[in-house]
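Trainee: heads up, no residue letters with this:
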């Protein structure tokens, strides 16, 4: 039904759309299709015209939706004032919070990028300084003719030791003692005689330093690898460096990067392997993701020149390490400053929230009388004259509410009597439904026992109670009670007996087998929790199929029957009814059950029906019916036992509740 209603509502909404509305929605769908085509790498023709029409349609749809929303949302005076408070107080504060969060994100992102940039350029300067040191040494100790350009062993011992130290600090460091100075010339640094930067050459990214000192031209370089990045900006998390090259004709538009005035494509990636993002050390230690750009030169082998080709660096970090970098002079003392700032921010937000709540409460106070009066008129319109307006203020609106209450009260009195009868019927129906959940929904299945049971109430609810519970694997608990009185009060007491019995069977997690003890506890429970005129007859038994022993206690209930080989035994051992006296002693009966024994427990509703001559059906006739049908199934025997008293009485009206339990013990 809900789906059908939704479809009907959607269909009604579509029918209310004007022709212009449909055209605007169609243009919006067409623009969505254009975007989908662009994502797939295809540029539709005349897409600009579609975009222009889309923005016109968007403005029109915004105007239409805004009018509908304003009509629906601002109809209530309370909503008008609340929205006014929101736009006056909440929206500006929210914008400030968003702006502050965005500014903090940009700040920390750029801080991490700057620190990475500085650390990386420190490596560049170290390699350039190494080249400068070697160039100075070569100028002082020129190499002989034919000397290798990368053999450190032929240099003086002091310079050799220094270069070994540099190679240990910068893995993969190489020196070219006979460089051609091409990097210095192409970079236009002949006057300085020094070049330092990142260069893409020989299918790799290198940190290069080239120095010219007199006749000595030395180039030092070290590869940028994942291992090298492990030592850069250790306070950051994982780092990725994307190497780019100028875009070519074969590159797709979706993979191109527009950086400055150039267009580039990613050619390779270098990333750390061993770094992981450290766990948060405080609740405000958020994760920060950053992107940075590093300048590099790409060796163009075809043109024999170097062209700019930037590097894109991605990284992640934590807020606390970045804060420590900001407050380097304070060191670990920076934590209290950050916490103080966050505390002030929290106090500010709390004050703002309090101001908002105060405004809403004041608005609600002002408009509540109007809203209550409107709601009351809707109740009267729907035929509910019992609704009353709560008078909270002694003003004109409060007086108006009192007048409305007096008017509706006079009308309500006239129809209240009619509703009482219907309400009582509804309560009985609900009580019947609740009580039906208290009876066993399904009979337990225990090997060696065939069960049948049924309760037929005389009214909507029953004062009889029966229960069949499987205990462990071979034991069956049988309970039957007849509560004094009838109707809802008896049904409520029946629910109390059911709850008490189920709670008393299991004590400390184990089954209590002493039926007399359980009966005594239920008697005390019923005595303490009911009035003096409330009591019940009660029969409780536990049958063990393994030992074939039936333990029972009969508290004033009609004695159940045990039938074997045509012999009828009545189970009478026990005591008086439960709930009448506080300290009653009960006895426990023990019966050794023979194979094929038929057990029948019943309430007095089966033996008390009278015929037209005033004769009761009685236990004797009940036993005769059981003997005649002793070979029938348990459920068939239950039906026979319920039908026989009705046939004896010859009346369709049932005077008392009828309950019967049949157990055939094989």
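Mentor: Structure received. All values reported here derive from a predicted model rather than from experimental measurement.
Trainee: number of nearby residues for residue 611?
Mentor: 14 (other CB atoms under 10 Å). (Each C-beta comes from the backbone N, C-alpha and C, glycine too.)
Trainee: which SS state does the nearest residue to it once chain neighbours are set aside fall under?
Mentor: The shortest distance from residue 611 to any non-neighbouring residue, by CB to CB, 6 or more residues apart in numbering, is to residue 648 (5.6 Å). Under DSSP: H, G, I helix; E, B strand; the rest coil, the three-state class of residue 648 is helix.
Trainee: so who does residue 648 touch?
Mentor: Residues near residue 648 by CB atoms under 8 Å, 6 or more residues apart in numbering: 609, 611, 617, 621.
Trainee: can you check the pLDDT for it?
Mentor: Residue 648 is assigned a pLDDT of 90 by the prediction.
Trainee: likewise residue 487?
Mentor: 68.
Trainee: please apply the same query to residue 328.
Mentor: Per the predicted model, pLDDT is 64 at residue 328.
Trainee: for residue 638, same thing?
Mentor: 93.
Trainee: again with residue 282
Mentor: 80.
Trainee: which residues are in contact with it?
Mentor: So residue 282 contacts residue 320 (CB under 8 Å, 6+ apart).
Trainee: and the residue nearest the centre of the chain?
Mentor: residue 283 (21.5 Å; CA atoms, centre = their mean).
Trainee: for that one, give its distance to residue 97.
Mentor: Applying CB to CB, to the nearest Å, the value for residue 283 to residue 97 is 17 Å.
Trainee: before we move on, what SS does residue 183 have?
Mentor: The local conformation at residue 183, judged by three-state DSSP, is helix.
Trainee: in contact with it, which residues?
Mentor: With contact set as CB under 8 Å, 6+ apart, residue 183 has these partners: 195, 199, 208, 210, 219, 297, 306.
Trainee: partners of the host helix or strand of the third one in the sheet?
Mentor: Using DSSP states H and E, residue 208 maps to strand 204-213. Strand 204-213 pairs in its sheet with strand 194-201 (antiparallel), strand 216-223 (antiparallel), by DSSP bridges.
Trainee: what residues are up against residue 482?
Mentor: Going by CB under 8 Å, 6+ apart, residue 482 touches 463-465, 536-537, 557, 603-605, 657, 659.
Trainee: re earlier: now, of the contacts of residue 183, which are buried?
Mentor: With burial judged by 16 or more other CB atoms under 10 Å, the buried subset of these is 195, 199, 208, 210, 219, 297, 306.
Trainee: where do the strands sit along the stretch 551-666 of the chain?
Mentor: 561-564, 567-570, 574-575, 589-592, 597-602, 658-665 (DSSP state E, counting those that start in this stretch).
Trainee: which of those strands sits closest to residue 112?
Mentor: Of all the strands of the stretch 551-666 of the chain, it is strand 658-665 that lies closest to residue 112, at 78.7 Å by CB to CB.
Trainee: what is the mean pLDDT for the closest one?
Mentor: Strand 658-665 comes out at a mean pLDDT of 93.
Trainee: what strands line up against that strand, and which way round?
Mentor: In the sheet, strand 658-665 lines up with strand 449-456 (antiparallel), strand 597-602 (antiparallel) (DSSP bridges).
Trainee: distance from the longest one to the middle of the chain?
Mentor: Going back to what we said before, that points to strand 449-456. How far strand 449-456 lies from its chain's middle: 44 Å, per CA atoms, centre = their mean, to the nearest Å.
Trainee: following that strand, which helix or strand comes up?
Mentor: Downstream of strand 449-456, the first helix or strand assigned by DSSP H and E is strand 464-471.
Trainee: next structured bit after that following strand?
Mentor: By DSSP H and E, the next helix or strand past strand 464-471 is strand 475-483.
Trainee: buried ones in the following helix or strand past that next one?
Mentor: Using DSSP H and E, the next helix or strand after strand 475-483 towards the C-terminus is helix 487-505. Residues 487-498, 500-501, 504-505 are the ones in helix 487-505 that count as buried (16+ other CB under 10 Å).
Trainee: may I have the secondary structure class of residue 106?
Mentor: Three-state assignment for residue 106 (three-state DSSP): helix.
Trainee: how many other residues sit next to it?
Mentor: Number of residues near residue 106 (other CB under 10 Å) recorded here: 11.
Trainee: residue 99 versus that one, what's the distance?
Mentor: 11 Å.
Trainee: equivalent analysis for residue 439, please.
Mentor: Relative to residue 99, residue 439 is positioned 66 Å away (CB to CB).
Trainee: of the two, who's got more company?
Mentor: Ranked by neighbour count (other CB under 10 Å), residue 439 and residue 99 place residue 439 first, with 18 against 10.
Trainee: let me see the contact set for the residue nearest to the more buried one when sequence neighbours are not counted.
Mentor: Nearest residue to residue 439 in three dimensions, chain neighbours excluded: residue 455, at 6.2 Å (CB to CB, 6+ apart). Taking CB under 8 Å, 6+ apart as the criterion, residue 455 is in contact with 439, 462, 464, 466, 657-659.
Trainee: which of these sits closest to residue 190?
Mentor: residue 439 (104.2 Å).
Trainee: the host helix or strand of residue 258: how far from the chain's middle?
Mentor: Here residue 258, judged by DSSP H and E, is contained in strand 256-259. Relative to its chain's centre, strand 256-259 lies at 41 Å (CA atoms, centre = their mean).
Trainee: okay, now the sheet partners of it, with direction.
Mentor: strand 262-271 (antiparallel).
Trainee: and the strand it pairs with, what's buried?
Mentor: 264-265, 270.
Trainee: check stretch 214-225 too.
Mentor: Result for stretch 214-225 [16+ other CB under 10 Å]: buried residues 216-224.
Trainee: what are the contacting residues of stretch 490-509?
Mentor: 431, 434-435, 438, 461-465, 467, 469, 471, 477, 479, 481, 483-485, 511-512, 518, 521-522, 525-526, 529-530, 534, 536, 538, 540.
Trainee: any of those buried? List them.
Mentor: Buried members of these, counted by 16+ other CB under 10 Å: 431, 435, 438, 461-465, 467, 469, 471, 477, 479, 481, 483-484, 512, 518, 521-522, 525-526, 530, 534, 536, 538, 540.
Trainee: who are the contact partners of residue 586?
Mentor: 516, 519-520, 523, 553, 555, 574-575.
Trainee: repeat the analysis, applying 7 Å as the threshold.
Mentor: Applying CB atoms under 7 Å, 6 or more residues apart in numbering to residue 586 gives the contacts 516, 519-520, 553, 555, 574-575.
Trainee: where does the record place the domain boundaries for the protein?
Mentor: 18-73, 99-326, 330-412, 438-665 (automatic domain parsing).
Trainee: report the mean per-residue pLDDT for the first one.
Mentor: Looking at domain 18-73 alone, the average pLDDT works out to 78.
Trainee: how far out from the middle of the chain is it?
Mentor: 35 Å.
Trainee: what packs against the helix or strand harbouring residue 380?
Mentor: Take DSSP H and E as the rule and residue 380 turns out to sit in helix 334-381. With contacts taken as 3 or more CB pairs under 7 Å, 6 or more residues apart in numbering; DSSP states H and E, helix 334-381 sits against helix 77-85, helix 319-326, helix 396-436.
Trainee: in helices, which of the contacts of residue 648 fall?
Mentor: residue 621 (DSSP state H).
Trainee: which one of the contacts of residue 648 has the most neighbours?
Mentor: The most crowded member of the contacts of residue 648, judged by other CB under 10 Å, is residue 609 (23 neighbours).
Trainee: was I right about residue 109 contacting residue 287?
Mentor: No - contact criterion CB atoms under 7 Å: residue 109 and residue 287 do not qualify, at 11.2 Å.
Trainee: so which of these two has more stuff around it?
Mentor: Neighbour count, other CB under 10 Å: between residue 109 and residue 287, residue 109 has more, with 18 against 12.
Trainee: the closest residue in space to the more buried one that isn't next to it in sequence: which element?
Mentor: Leaving aside its sequence neighbours, residue 109 sits nearest to residue 290 (CB to CB, 6+ apart; 4.0 Å). According to DSSP H and E, residue 290 maps onto strand 287-294.
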